[in-house]
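Engineer: mind looking at a prediction? Sequence and model below.
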Amino acid sequence: MKSFTIVMALCALAALSGCRERLLCVDCGDPATTDSMVPIEGADGGEDPFADARPPTCIPTAEICNGKDDNCNGIIDDGLIADVGAVCGSAVGICRQGVLACTDGKLICDGQVAAMAESCNGLDDDCDGTIDNGNPGAGILCGNGTGECVQGTTACVNGAVACQGALGPSPESCDGADNNCDGQIDEGDPGAGAQCGGGPEVCVPGVIRCAGGQLSCVGAGPAIPELCNEVDDNCNGQVDEGFNTAIDPNNCGKCGKVCALTFARSACGAGACQIERCTTDHWDVDRDASNGCEYACSLRGVELCNGVDDDCDGVIDNGVAAPDNCAKLGECAGTKPNCEGKGGWVCHYAAMVSTNAQGQIIPETNCDDRDNDCNGRTDDFFPNRNKGCTSGAGACVAEGKQVCNPARDALVCNAPTPSPGSVELCNGIDDDCDGKTDNGAEDAWVAISVNGVTKQIYQYEASHPDANASSIGALTNRACSAPTRMPWINVTYTEAQTACTDAGARLCTELEWQAACESSKPLACVWSFQNSCTTYQPNICADNKHDLDLALPGYQNGLVATGSMASCNTDWGAAGKIYDLSGNVKEWAAARSPGINPLRGGAYNNPPGGATCDLKFVVADDTFLFGDVGFRCCRD
């Protein structure tokens, strides 16, 4: 490109100096290249002095649209090109002219609307000067060819495709043909429905009907006796005279409706079928006339408990009065008879009643403190029940009573029959026959928590080994903890301490005793009451508000068997209940110091305030004893 610029400059210089003939531009292709340089001789026939600076030879011609630089100006297809800008194309029909333009070395007609295939639209689509020529869209079958209809063919008419030569449907007529071309002949009874016939001898008019492709009069006839059919059969100008559909059971409510109810004599009233009466052994229980006398039943009379509908009201054994035929004593109390259909009245007794397979009461054979045969006597099959008996021999002989065995079918003697190895009880008897009394006997204990440490305390006030529910006893070989025994009283501090030691325990400390009384509940008890232990309640514990004999005036208070007042306890949950910490007897507790021995819990002759869990000002010396003083033992 640089050498071309130099040559062009030299050419210009040569022209100005009159040396035009010295430079000749020949067709050398693209001026951007330096190929095909041709040396030109000088005017004097010598070497061209500008040979080194001459551009490629390029011979200019008129520019045409061919993708080349014909005029050697360095631009392809520029300037005035022949035909560019001239009008081109057709202006006929839908076509529109454009102008010629040079694009990519070719002349094109820019902006023209060209011709297209002719279609039936009222336009000259192919721009040949004729609209819709060639009948476009024609020659196709069209229309319905069913029945009387005939198909045509399509043709282009006035710019639209139309069906020509077709024969379309017409209204159906009675002619045996498919006039409306729907595939059916004479459907809808065309032309029918008008009245026909009549006259003096043909009273009953007929109706025009279409049949076999022809119209004819159907149903015309002469006068006949009047029928209930909503027609003037006898031609007297009246319809259905002589018929009353309000009461006629053969035309009840309307002509032809016959009342024929099952198992009943039927009637008609107010235009509705009714039951006049039921046939024998049939009843209208549901009060619905439409199904007649639907219930089959033989009337027997007053309803009985027999599984039969005696009064035929549709319900079996209803409204019958129960007899008073069940046993009432003992375990039979409250039993009422039950109506069980064909089984009649049946008494279903409780499981404890002695009965046979038929449910009848039989003599009892159970030993269970119950009147099982409902005769007013308990366990009458066992006349020796509760009579005295003995068991064992020699040093181990024991007395008892004849009591029911665990199986409840025989008597056994409840006297202990110890033998070497038997469990020793705290009862003043050598139960295990080892020559020692009450050795190793286990007492009733309750585990308590004292400042987080587990301790054990007698569940019951200490008693003599031979005490019972009515006797204090006399044996002093050790203390015992057992229910329903009179507590050990008239005991000194020293004696109580020794009795606990002999039982493998000790006197309770005041802290242990008070903790046991107040329980583990968040709200400490004030009294040893099982419930509401912070509020005083009379007759819960044996204090001076407990009356042993309500028949006498005032409070007849006194000593009771320990554990006999069921609600006088402190409940330690699963560990058990501790009885009589409030009232009954004051209880020795471990000495505060030598000779200063506290008495806790109050006694049967103390007011409520003297039986609280925290009352601690009562003390006595080592030799003090009284009829309201007892004790209980503790162990770690």
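Structural biologist: Okay, I see it. All values reported here derive from a predicted model rather than from experimental measurement.
Engineer: next, count neighbours for Thr61.
Structural biologist: The tally of other residues near Thr61 (other C-beta atoms under 10 Å) stands at 11. Glycine gets a C-beta too; all of them are placed from N, C-alpha and C.
Engineer: what distance do you get for the residue nearest to it when sequence neighbours are not counted to Ala86?
Structural biologist: Nearest residue to Thr61, sequence neighbours excluded (C-beta to C-beta, 6 or more residues apart in numbering): Asp70, at 4.9 Å. Counting by C-beta to C-beta, to the nearest Å, the gap from Asp70 to Ala86 is 19 Å.
Engineer: isn't Asn366 right up against Arg408?
Structural biologist: Yes. Between Asn366 and Arg408 there is a contact at 5.2 Å, judged by C-beta atoms under 8 Å.
Engineer: who has more neighbours out of the two?
Structural biologist: Comparing Asn366 with Arg408 by other C-beta under 10 Å, the one with more neighbours is Asn366, at 19 against 14.
Engineer: now stretch 537-553 - C-alpha only, CSV.
Structural biologist: What follows is stretch 537-553, C-alpha atoms only, in CSV (Å, rounded to 0.1, in the frame of the first residue of the first chain):
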residue,chain,number,x,y,z
GLN,A,537,-60.0,-33.2,112.9
PRO,A,538,-61.6,-35.0,115.8
ASN,A,539,-61.9,-38.8,116.0
ILE,A,540,-58.9,-39.3,113.6
CYS,A,541,-56.5,-40.2,116.4
ALA,A,542,-57.0,-41.3,120.0
ASP,A,543,-56.8,-37.9,121.8
ASN,A,544,-59.2,-36.5,124.4
LYS,A,545,-61.6,-35.6,121.5
HIS,A,546,-62.0,-39.3,120.6
ASP,A,547,-65.2,-40.8,122.1
LEU,A,548,-65.1,-44.5,122.8
ASP,A,549,-68.8,-44.6,123.8
LEU,A,550,-71.1,-42.2,122.1
ALA,A,551,-74.1,-43.4,124.2
LEU,A,552,-72.6,-41.7,127.3
PRO,A,553,-72.4,-38.0,127.8
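Engineer: so who does Lys342 touch?
Structural biologist: 306-308 (C-beta atoms under 8 Å, 6 or more residues apart in numbering).
Engineer: now do Asn451
Structural biologist: Asn451 sits next to 511, 515 when contact means C-beta under 8 Å, 6+ apart.
Engineer: same thing with the one 3 residues further on?
Structural biologist: With contacts defined as C-beta under 8 Å, 6+ apart, the neighbours of Thr454 are 447-448.
Engineer: and the particular helix or strand that has it in it, average pLDDT?
Structural biologist: Taking DSSP states H and E as the criterion, Thr454 maps to strand 453-458. Model confidence over strand 453-458, given as mean pLDDT, is 97.
Engineer: report the buried residues of that strand.
Structural biologist: 455-458 (16 or more other C-beta atoms under 10 Å).
Engineer: output the contacting helices and strands for the helix or strand that that strand is followed by.
Structural biologist: Using DSSP H and E, the helix or strand that follows strand 453-458 towards the C-terminus is helix 493-502. In this structure, helix 493-502 packs against strand 506-507, strand 586-588, strand 629-631, strand 633-635, with contacts taken as 3 or more C-beta pairs under 8 Å, 6 or more residues apart in numbering; DSSP states H and E.
Engineer: and the first one, what does it pack against?
Structural biologist: To tie it back to what came earlier, the one meant is strand 506-507. helix 493-502, strand 633-635.
Engineer: now those as TSV including distance to Val99 and mean pLDDT?
Structural biologist: Listed next are the helices and strands packed on strand 506-507 as TSV, based on distance: least, C-beta to C-beta, whole Å; pLDDT from 0 to 100:
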stretch	distance to Val99	mean pLDDT
helix 493-502	139	97
strand 633-635	132	98
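Engineer: for Pro136, find the nearest of those.
Structural biologist: Nearest to Pro136, of all the helices and strands packed on strand 506-507, is strand 633-635, at 126.8 Å by C-beta to C-beta.
Engineer: what sits up against the closest one?
Structural biologist: 443, 445, 455-458, 462, 479, 481, 499-500, 503-509, 512-513.
Engineer: again, only this time at 10 Å
Structural biologist: Strand 633-635 has contacts (C-beta atoms under 10 Å, 6 or more residues apart in numbering) with 443, 445, 448, 450, 455-458, 462, 478-481, 496-497, 499-509, 512-513, 516, 588-590.
Engineer: partners of that strand in the sheet?
Structural biologist: Here strand 633-635 is paired, per DSSP bridges, with strand 453-458 (antiparallel), strand 506-507 (antiparallel).
Engineer: nearest to Ile75, out of the ones you listed?
Structural biologist: Once those are compared by C-beta to C-beta, strand 453-458 is nearest, at 119.4 Å.
Engineer: got the CA positions of the closest one in CSV?
Structural biologist: This file holds the C-alpha atoms of strand 453-458, laid out as CSV (Å, rounded to 0.1, in the frame of the first residue of the first chain):
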residue,chain,number,x,y,z
VAL,A,453,-30.3,-40.3,105.5
THR,A,454,-32.6,-43.4,105.4
LYS,A,455,-33.7,-44.7,108.8
GLN,A,456,-36.3,-47.3,109.9
ILE,A,457,-39.0,-46.8,112.6
TYR,A,458,-41.6,-49.1,114.1
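Engineer: got the angle between it and helix 493-502?
Structural biologist: 110 degrees (axes from the mean of the first three to the mean of the last three C-alpha atoms, to 10 degrees).
Engineer: off-centre distance for strand 453-458?
Structural biologist: 53 Å (C-alpha atoms, centre = their mean, to the nearest Å).
Engineer: okay, domains of this structure per the record?
Structural biologist: 2-53, 238-296, 302-381, 384-417, 425-636 (automatic domain parsing).
Engineer: hmm, Asp232 and Glu241 touching each other?
Structural biologist: Yes. Assessed by C-beta atoms under 10 Å, Glu241 is found in contact with Asp232 at 8.8 Å.
Engineer: hang on, the earlier thing: looking at the contacts of Lys342, which is nearest Val320?
Structural biologist: Distances from Val320 to the contacts of Lys342, taken by C-beta to C-beta, are shortest for Asn306, at 9.0 Å.
Engineer: just the pLDDT for the closest one.
Structural biologist: 90.
Engineer: just the buried residues of stretch 354-362, please?
Structural biologist: In stretch 354-362, counting by 16+ other C-beta under 10 Å, buried: 354-355, 361.
Engineer: end to end, how far does it reach?
Structural biologist: This stretch, stretch 354-362, spans 6 Å end to end (C-alpha to C-alpha, to the nearest Å).
Engineer: and for stretch 513-522?
Structural biologist: Start-to-end, stretch 513-522 (C-alpha to C-alpha) is 18 Å.
Engineer: so for that stretch, what gets flagged as buried?
Structural biologist: 513-519.
Engineer: ranges for the strands of the stretch 51-200 of the chain?
Structural biologist: Applying DSSP state E, counting those that start in this stretch to the stretch 51-200 of the chain gives strands spanning 87-88, 98-103, 106-110, 141-142, 152-157, 160-164, 195-196.
Engineer: tabulate the ones you listed (JSON lines), appending mean pLDDT and mean neighbour count.
Structural biologist: JSON lines is the format used below for the strands of the stretch 51-200 of the chain (pLDDT from 0 to 100; neighbours: other C-beta atoms under 10 Å):
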{"stretch": "strand 87-88", "mean pLDDT": "89", "mean neighbour count": "14"}
{"stretch": "strand 98-103", "mean pLDDT": "88", "mean neighbour count": "17"}
{"stretch": "strand 106-110", "mean pLDDT": "88", "mean neighbour count": "15"}
{"stretch": "strand 141-142", "mean pLDDT": "88", "mean neighbour count": "14"}
{"stretch": "strand 152-157", "mean pLDDT": "88", "mean neighbour count": "18"}
{"stretch": "strand 160-164", "mean pLDDT": "88", "mean neighbour count": "15"}
{"stretch": "strand 195-196", "mean pLDDT": "75", "mean neighbour count": "14"}
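Engineer: before we move on, the earlier item: pLDDT-wise, what's the bottom of the buried residues of stretch 513-522?
Structural biologist: Ser519 (89).
Engineer: that residue reaches Asp571, doesn't it?
Structural biologist: Yes. The pair Ser519 and Asp571 qualifies as a contact (C-beta under 10 Å) at a distance of 6.7 Å.
Engineer: all set, thanks.
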